[in-house]
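# Sharing a sequence plus its predicted fold:
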Amino acid sequence: MNAPTPIMYGTPWCGDCRRSRRLLDQRQVAYQYIDIETDDAARQRVIEINQGNQSVPTIIFPDGSVLVEPSNAVLGAHLDALGL
């Protein structure tokens, strides 16, 4: 059985999304990427999480924690805390 992985909601044009994806890839963290421009349900989820805003990247972790537009330092520290 596969372990749950983080879910990153983003857009192709988002520089912060590319940066966060690069960090996850460098750390070899498995994650699911969902483009909110092509997935209306995902876009609505991001809007709900961010009180009406389409802020990306929005990253949901298996423990239920959420990071929105994290810096590399914040994302790295959170991954460390989760053992990812």
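Cool, the structure landed.

# residues in contact with the nearest residue to residue 66 once chain neighbours are set aside?
What sits nearest to residue 66 in space, not counting adjacent residues and going by Cβ to Cβ, 6 or more residues apart in numbering, is residue 60, at 5.3 Å. Heads up, the C-betas are built off the backbone N, CA and C, glycines and all. Shown in contact with residue 60 (Cβ atoms under 8 Å, 6 or more residues apart in numbering): 6-7, 9, 49, 66.

# Over to residue 60: give its phi and psi.
As for residue 60, its main-chain torsions (degrees, to the nearest 10) stand at phi -110, psi 130.

# still on that earlier bit, okay, the contacts of residue 60 in TSV with secondary structure next?
Listed next are the contacts of residue 60 as TSV, based on DSSP: H, G, I helix; E, B strand; the rest coil:
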residue	secondary structure
6	coil
7	strand
9	strand
49	helix
66	strand
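
# Could you tell me which ranges of this protein sit under the pLDDT cut-off?
Counting by pLDDT under 70, the chain shows low-confidence ranges at 1-2.

# tell me the strands in it, going along the chain?
For the chain, the strands defined by DSSP state E occupy 7-10, 32-35, 58-60, 66-68.

# Show me the one of those strands that comes nearest residue 74.
strand 66-68 (6.6 Å; Cβ to Cβ).

# Please spell out which residues along that closest one are buried.
Residues of strand 66-68 classed as buried: 67-68 (neighbour count, 16 or more other Cβ atoms under 10 Å).

# quick revisit: mind picking the one among the contacts of residue 60 that's closest to residue 41?
When the contacts of residue 60 are compared against residue 41 (criterion: Cβ to Cβ), the nearest one is residue 9, at 10.7 Å.

# quick one on the thing from earlier: go through the contacts of residue 60 and give me the one with the most neighbours.
residue 9 (26 neighbours; other Cβ atoms under 10 Å).

# can I assume it is in contact with residue 46?
Yes - judged on Cβ atoms under 8 Å, residue 9 makes contact with residue 46 at a distance of 4.8 Å.

# shared neighbours, these two?
36, 56, 58.

# Now render those residues as JSON lines, adding distance to residue 14 and neighbour count.
Formatted as JSON lines, the shared contacts of residue 9 and residue 46 follow (distance: Cβ to Cβ, whole Å; neighbours: other Cβ atoms under 10 Å):
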{"residue": "36", "distance to residue 14": "10", "neighbour count": "22"}
{"residue": "56", "distance to residue 14": "5", "neighbour count": "23"}
{"residue": "58", "distance to residue 14": "11", "neighbour count": "25"}
